[in-house]
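Visitor: One predicted model, sequence on top.
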Amino acid sequence: MPADQPRPLPAWEHFEHRADMGVAGFGASPAEAFEQAALALTAIICDPARVRPELAVAIDCEAPDLELLFVDWLNALVYEMAVRHLLFSRFRVRLEGSRLRGEAWGEPLDRVRHEPAVEVKGATYTALAVRQADDGTWSARCVVDV
Amino acid sequence: MDTQHLTQVTDTQWRLAPQGPMRVPGILFGSQALIRDMDDKVREQLANVASLPGIVQAAYAMPDAHWGYGFPIGGVAAFDPEEGGVVSGGGVGFDISCGVRTLHTGLDRAAILAVQQELADALYYRVPVGLGSTGGIRLDDREMDAMLAGGARWAVSRGFGRPEDLGRIEEGGRMAGADPKQVSDQAKRRQRDEMGTLGSGNHYLEVQEVTRIHDDAIAAAFGLELGAVLVSIHCGSRGLGHQIGTDYLKRMVLAASQHGIRLPDRELACAPLNSDLGRAYLGAMRAGINCALANRQIITHLARQVFREVLGVDPTLLYDVSHNTCKLEEHVVEGRRRQLYIHRKGATRAFGPGHPDLPESLRAVGQPVLIGGTMGTASYILAGTVQSQELAFNSACHGAGRALSRHAATRRWQGRAVQNELAQRGILVRSPSPRGMAEEAPGAYKDVSEVVAATDRAGLARLVARLEPLVCIKG
């Protein structure tokens, strides 16, 4: 989408990185942008529409600035997916200063139904930005290692 | 990459002069075509690496270099702890000690073709592959720490493989100085059911045929013959390594200012080698190396089971290399012997003939350098050279490197079509993920032949043999 056209919110997208992949979320607040970027993270692995939001996992992170907190949020999701063998498709984020409290809803990975393509190893600080645009909307982005 | 910022030194060596905060120059290896094809980000990242404290001689990019995170993939840099040198979590990467190991089967192409389907299915069934696959081994806390301290030696002591395998693995199969206490509980938890799994993305297990010998003498010393069949395994330290990377990148970013380090890019997160955090990371990263060595040893055991059952043979280990590491090595710089920490991020260690760390049986010819290709093209075996010590601290390329992003690849190819086309060419691919196969389509990668030819011409390593796949188990 051209940069000068207003983007319907909330929204997410992937951005190009030759070896890995970029995730970006857009929303009316940093929290909403974080939630959308989490959807972009799931979409690297499989189609989020195939993941039923049946059970919830609580996420709690803390970091000194919004950008580090964003990477922490994505890495917390990567960790929970890995150790619980879950995929997530719905997210809620509340930001309180340097603290993030969130929930992720999803279901156990089903290799037949979800057809997972690739595993995410971790979120990186490359192309990391959490910004408010002139129109007041927020974006959160970074490259993730796959 | 625009070559006007570079000075051409030889037909395969290019120099980026120090400017701004760069403490040393950048040196890029590759043909003009490869350098032109590289992302401009490689130059930017190389300049950033060259600005880190304590860097020695130059920041290097191998012929397969591409835009990474922090360091370029295909990046090499040496740091001196006595000169404020650093260790960088981003300079090692998330998949600590990702690498390739290759085994001799003692069989030829005809023997494989007689059972090709059965062999492909049996390997796919036995070796856990793809997202969500788990291994058959569960480690309790004590065994986890023993594995992290012992690497492939631990695996052999638990019945996965044979003692003679160990001499054919870097560090004799066990990275010294690993400190399991520096590995977080989260990292250990992430590894609990992932021992002996291949993972996904560009990881694979391949059955390959030697289709060309480039150097008869070295090939003979490596036990390679035209038409011989090999098995190659490409994977790393799985969830444990990824979590160590995640944990320490954050700690290094937060501590950078307190160590007086200005980071041009947060992904270059690093800590002085002579600091508590630097030492803690080295202990954890070495435990990650051991995890990768143990993992490849277990997968070797599984592959051997299949070869015994299907073909009645027991493959022997040619060699095992790691390409995401930071290792303490002795190098001569300007006539002086120095103990340096060599970061290789997507680069293979390549010791030349006579190197004291090589096993007796390989010392005369140099270290096997195992280069993974794509599931449809070729892989290569090279050998370390004496001059690679001076050129780039004994380092060579590691693979083809992507030419297209994963998105671009899925727009262009469909997984099942890729699989069918390869089957028509006699290459059987088994994978749980059609999209994964599309993302890993051979056309999404650079021409590995050009990368190894440039590596050979630059003198970083010597071309020995070309391998082409017959069976590929893909994550």
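Guide: Cool, the structure landed. Numbering: from 1, shown residues only, chains lettered A, B, ... in the order given.

Visitor: Just give the closest residue to B:Tyr248, not the sequence neighbours.
Guide: Distance criterion CB to CB, 6 or more residues apart in numbering or on different chains; nearest residue to B:Tyr248, sequence neighbours excluded, is B:Gly89 at 4.4 Å. C-betas here are computed from N, CA, C, even on glycine.

Visitor: again with B:Leu107
Guide: B:Val229 (4.7 Å).

Visitor: most centrally placed residue in chain A?
Guide: The residue lying closest to the centre of chain A (CA atoms, centre = their mean) is A:Ala38, at 1.7 Å.

Visitor: Check which residues of the longest helix along chain A are buried.
Guide: Longest helix in chain A, counting residues (DSSP state H): helix A:66-84. By neighbour count, with 16 or more other CB atoms under 10 Å in any protein chain shown as the criterion, the buried positions of helix A:66-84 are A:66-83.

Visitor: Determine the three-state secondary structure at B:His343.
Guide: The three-state label given to B:His343 by DSSP: H, G, I helix; E, B strand; the rest coil is strand.

Visitor: Now do the longest helix of chain A, average pLDDT.
Guide: For helix A:66-84, the mean per-residue pLDDT is 97.

Visitor: distance of the residue nearest the centre of chain B from B:Gly99?
Guide: For chain B, the residue nearest the mean C-alpha position is B:His323 (2.7 Å; CA atoms, centre = their mean). B:His323 is 5 Å from B:Gly99, where distance means CB to CB, to the nearest Å.

Visitor: can you map out the strands along chain A?
Guide: A:11-16, A:21-27, A:55-62, A:86-96, A:99-108, A:122-123, A:129-132, A:138-145 (DSSP state E).

Visitor: any idea which of these is most buried?
Guide: Comparing the strands of chain A by mean neighbour count (mean count of other CB atoms under 10 Å in any protein chain shown), strand A:122-123 comes out on top with a mean of 26.

Visitor: List of residues touching it?
Guide: Contacts with strand A:122-123, where a contact means CB atoms under 8 Å, 6 or more residues apart in numbering or on different chains, come from A:23, A:41, A:71, A:74-75, A:78, A:142-145, B:94, B:242-243, B:245-246.

Visitor: That one pairs with which strands?
Guide: strand A:138-145 (antiparallel) (DSSP bridges).

Visitor: quick revisit: so which of the buried residues of helix A:66-84 are also by chain B?
Guide: A:Leu68, A:Val71, A:Asp72, A:Asn75, A:Val78, A:Tyr79, A:Ala82, A:Val83 (CB under 8 Å from any CB of the partner chain).

Visitor: show me the contacts for the fifth one.
Guide: The contact partners of A:Val78, by CB under 8 Å, 6+ apart, come to A:Leu41, A:Val120, A:Lys121, A:Gly122, A:Ala123, A:Val144, B:His242, B:Thr246.

Visitor: Take these and write them to JSON lines, including pLDDT.
Guide: Formatted as JSON lines, the contacts of A:Val78 follow (pLDDT from 0 to 100):
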{"residue": "A:Leu41", "pLDDT": "97"}
{"residue": "A:Val120", "pLDDT": "92"}
{"residue": "A:Lys121", "pLDDT": "90"}
{"residue": "A:Gly122", "pLDDT": "93"}
{"residue": "A:Ala123", "pLDDT": "95"}
{"residue": "A:Val144", "pLDDT": "93"}
{"residue": "B:His242", "pLDDT": "95"}
{"residue": "B:Thr246", "pLDDT": "95"}
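
Visitor: Please convert the residues you listed to a markdown table, extending it with distance to B:Leu370.
Guide: What follows is the contacts of A:Val78, written out as a markdown table (distance: CB to CB, whole Å):
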| residue | distance to B:Leu370 |
| --- | --- |
| A:Leu41 | 32 |
| A:Val120 | 26 |
| A:Lys121 | 22 |
| A:Gly122 | 25 |
| A:Ala123 | 30 |
| A:Val144 | 27 |
| B:His242 | 22 |
| B:Thr246 | 28 |
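
Visitor: List the residues that contact residue 9.
Guide: Since no chain was named, I'll use chain A. Per CB under 8 Å, 6+ apart, neighbours of A:Leu9: A:Phe26, A:Gly27, A:Ala28, A:Glu32, A:Thr137.

Visitor: Chain B was what I was after
Guide: Counted by CB under 8 Å, 6+ apart, B:Val9 has contacts B:Arg15, B:Ile27.
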